[in-house]
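S.K.: quick one, fold the following:
(2 chains)
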Protein chains: 2
Amino acid sequence: MSAAIALSERSRGRTAPNPNVGCIIVRAGCVVGRGWTQPGGRPHAEAMALAEAGERARGATAYVTLEPCAHRSERGPACAPSLAEAGIARVVAALVDPDPRTAGRGLALLREAGIAVAEGIGADDARRAMAGFFIRRSAGRPFVTLKLATSLDGCIALASGESRWITGPQARAHAHLERARHEAILVGRGTWDVDAPKLDVRLAGLEGRSPMRVVLTSRPHPSGASRLPPSPDGRGKRPAREASGKGEGDVIRIARPEDIAQIPADHLLIEGGAQTATAFLRANLVDRLLLYRAPILIGGGKHALADIGLPDLATAHARWCRIDTRRLGSDTLEVYERAPCSPE
Amino acid sequence: MSAAIALSERSRGRTAPNPNVGCIIVRAGCVVGRGWTQPGGRPHAEAMALAEAGERARGATAYVTLEPCAHRSERGPACAPSLAEAGIARVVAALVDPDPRTAGRGLALLREAGIAVAEGIGADDARRAMAGFFIRRSAGRPFVTLKLATSLDGCIALASGESRWITGPQARAHAHLERARHEAILVGRGTWDVDAPKLDVRLAGLEGRSPMRVVLTSRPHPSGASRLPPSPDGRGKRPAREASGKGEGDVIRIARPEDIAQIPADHLLIEGGAQTATAFLRANLVDRLLLYRAPILIGGGKHALADIGLPDLATAHARWCRIDTRRLGSDTLEVYERAPCSPE
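M.R.: Alright, predicted model coming up:
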């Protein structure tokens, strides 16, 4: 299942509104098929893996990170019947599909076809790998990752504003890889005006995976199209992208953190600055924290966060748990997730 | 040698002005003697190990973290002749003793006695273990460790001043263990007045190892004995300890970070607050950084450091390298040392 989850990560940030599923087909101890949801959401992981396995799927076990779909769509066949037709003998699924069109019917259909079914294997890791899909389903908004790059004492710049660079080239390359795993990236108006960031993916081979850009601003746009249109139910509505003569083509503007529900993305990366990070934390809209830290002390610089509305110290505890840490050159990356979660 | 260095750590902070040496005697693959410098500086590690080994020292190898002393003292015999008399066949030393009374004469004496000698083995780790001794010899001051306990965003308290507790019980216990490894502990006048800290070691069995207390303050003492007496050569002078009627018995007062040279300690732990930490960093008088971090965000709280006098970001880099990291409950301890040093 771990291998299937690793495959699913390949298309994180590229399959919305479909989940990024991974699938591995194993026969007699050998992997005979591997698949992951393709960009745009189709073909599904199971279809990819079955195509690779061909006749070797007969009698094999399929490991899937999400229950195979039971609903036929115009865009492709349903996976549960396909697995049965291919002669799969056993299906191991990490999670049941929350989509009401499947929601257990996929596994039921497999069982009815005489296939052995196990579920819940690797559920926590699979949910983490498909967090964007799940939070869109449960909360109607993207999964939000806040990126901070700080000194050991929590500064993001000198008092003069100098911030290039705090972290080294390995950490910055990793941050670009994270951009490629998000459909959308957001900065505040201050960062936008000062740094005019491209917010693209500057990694060889991944240039095409730059996320859509979002600016948090209450200032009206010069064109008059000031911000996202109000959405009746506040979720899922795809705003018209704007073009302007100021290098802001294709930039989405939102006025409040809560407006992220309207962004057509399941994964949103918040990159700065301090005011924006603070606004999202105050709104309790951060699910994951990427903390890049350089082994330097700044002292008296610009701090990563302003008042996030903490009433007392007890309230600060047990909100975050670290799920990963790694060295990036001389820097350190720590990944925290909203508690409760399975710690590292 | 690693085992000998581990033994030497047992008396770190208790042997000044002598070095905390470790010694292991090995014969035919078996450890037959172990020793470390005893509190107060005598007996020496070699004498302890030889006493344990007895007749088994004959033909054995002695691993010592520092060159055995060649100078006889009223407090005990010289170790190099003792090793030769005991019949030791080989001595492996990590470092040459910078004490001018020995300074290579110990190893020369061993060689003259027909003993095989190797030096430089494990030198970096041994120097780290005896850092207080070496920096007192080279710079005439104690080895300074700065302890910080912060949130992920570098705060040491809420804006309200609430700081109990940021880190959990395991991290706090570890910080008390660190106190036991220092002869002296220093806080600023602000921390002293607000928290009236005991600055003792609250660990079962180690209560007797509470360090002497030092306060950094320019305010005169109510008794009139305002601060350390000026020292002609600025080093090594033991100030008279003061007693007062305000619970400040045995507290040493210094006016400037540079005055630490006069503290009769080879290891000084700086515990707070932000102003004091900043003053020592500005004075470039921090050798080691203990960074206890809790997995919490505070935002807009009191920051660990104020202006440390950094002219630009480039200057901040390559000053610190991480030499250790560990989990303490849900907190993390990172240990940094002044660069250059061997990284983790």
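S.K.: where does the stretch 201-344 of chain A dip in pLDDT?
M.R.: A:219-249, A:341-344 (pLDDT under 70).
S.K.: in it, which spans are strands?
M.R.: Under the criterion DSSP state E, counting those that start in this stretch, the stretch 201-344 of chain A contains strands at A:212-216, A:251-254, A:267-272, A:288-293, A:302-303, A:320-328, A:331-338.
S.K.: what pairs with the fourth one, and is each one parallel or antiparallel?
M.R.: So the one you mean is strand A:288-293. Using DSSP bridges, strand A:288-293 pairs in its sheet with strand A:143-150 (parallel), strand A:331-338 (antiparallel).
S.K.: go through those strands and pick out the most buried.
M.R.: strand A:143-150 (a mean of 24; mean count of other CB atoms under 10 Å in any protein chain shown). Every residue, glycine included, has its C-beta placed from N, CA and C.
S.K.: next one: that strand to chain centre, how far?
M.R.: 12 Å (CA atoms, centre = their mean, to the nearest Å).
S.K.: what's the answer for stretch A:172-186, then?
M.R.: From the chain centre to the centre of stretch A:172-186 is a distance of 10 Å (CA atoms, centre = their mean).
S.K.: could I get it in CSV with only the CA atoms?
M.R.: Only the C-alpha atoms of stretch A:172-186 are listed here, as CSV (Å, rounded to 0.1, in the frame of the first residue of the first chain):
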residue,chain,number,x,y,z
ARG,A,172,14.5,26.8,-2.3
ALA,A,173,14.4,24.0,-4.9
HIS,A,174,12.3,22.0,-2.5
ALA,A,175,9.9,24.9,-2.1
HIS,A,176,9.6,25.0,-5.9
LEU,A,177,8.8,21.2,-5.9
GLU,A,178,6.0,22.0,-3.4
ARG,A,179,4.6,24.6,-5.8
ALA,A,180,4.4,21.9,-8.5
ARG,A,181,2.2,19.8,-6.1
HIS,A,182,-0.3,22.6,-5.6
GLU,A,183,-2.9,23.8,-8.1
ALA,A,184,-2.9,27.3,-6.6
ILE,A,185,-0.5,29.6,-4.8
LEU,A,186,-1.4,32.7,-2.7
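S.K.: which of the strands of the stretch 201-344 of chain A sits most buried?
M.R.: Of these, strand A:267-272 is the most buried (mean count of other CB under 10 Å), at a mean of 26.
S.K.: that one pairs with which strands?
M.R.: Assessed with DSSP bridges, strand A:267-272 is paired to strand A:143-150 (parallel), strand A:184-188 (parallel).
S.K.: list of residues touching the first one?
M.R.: This means strand A:143-150. Applying CB atoms under 8 Å, 6 or more residues apart in numbering or on different chains, the contact partners of strand A:143-150 are A:131-132, A:134-136, A:156, A:166-167, A:171, A:175, A:178, A:182, A:260, A:266-272, A:277, A:280-281, A:285-294, A:304, B:153-154.
S.K.: and it, average pLDDT?
M.R.: For strand A:143-150, mean pLDDT is 98.
S.K.: the shortest one too?
M.R.: Per-residue pLDDT values across strand A:184-188 average out to 95.
S.K.: I'd like the next helix or strand past it.
M.R.: Sequence-wise, the next helix or strand downstream of strand A:184-188 (DSSP states H and E) is helix A:189-195.
S.K.: same question, the longest one
M.R.: As assigned by DSSP H and E, the chain's next helix or strand after strand A:143-150 is strand A:155-157.
S.K.: do the helix or strand just after that next one and chain B meet at all?
M.R.: Toward the C-terminus, strand A:155-157 is succeeded by helix A:169-180 as the next helix or strand (DSSP H and E). No. On the criterion CB under 8 Å from any CB of the partner chain, helix A:169-180 is out of touch with chain B, staying 12.5 Å away.
S.K.: next, the residues that contact helix A:169-180 from outside, please.
M.R.: With CB under 8 Å, 6+ apart, helix A:169-180 has contacts from A:13, A:145, A:147, A:149, A:165, A:167, A:185, A:199-203, A:206, A:209-211, A:269, A:290, A:292, A:294, A:328-329, A:331, A:333.
S.K.: how about the strands paired with strand A:288-293 in CSV, adding distance to A:Ala316?
M.R.: Formatted as CSV, the strands paired with strand A:288-293 follow (distance: least, CB to CB, whole Å):
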stretch, distance to A:Ala316
strand A:143-150, 16
strand A:331-338, 13
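S.K.: mind telling me what element A:Phe133 is part of?
M.R.: Assigned by DSSP H and E, A:Phe133 falls in helix A:131-139.
S.K.: show residues contacting that helix.
M.R.: A:12-13, A:15-20, A:98-99, A:127, A:141-143, A:265-267, A:287-288.
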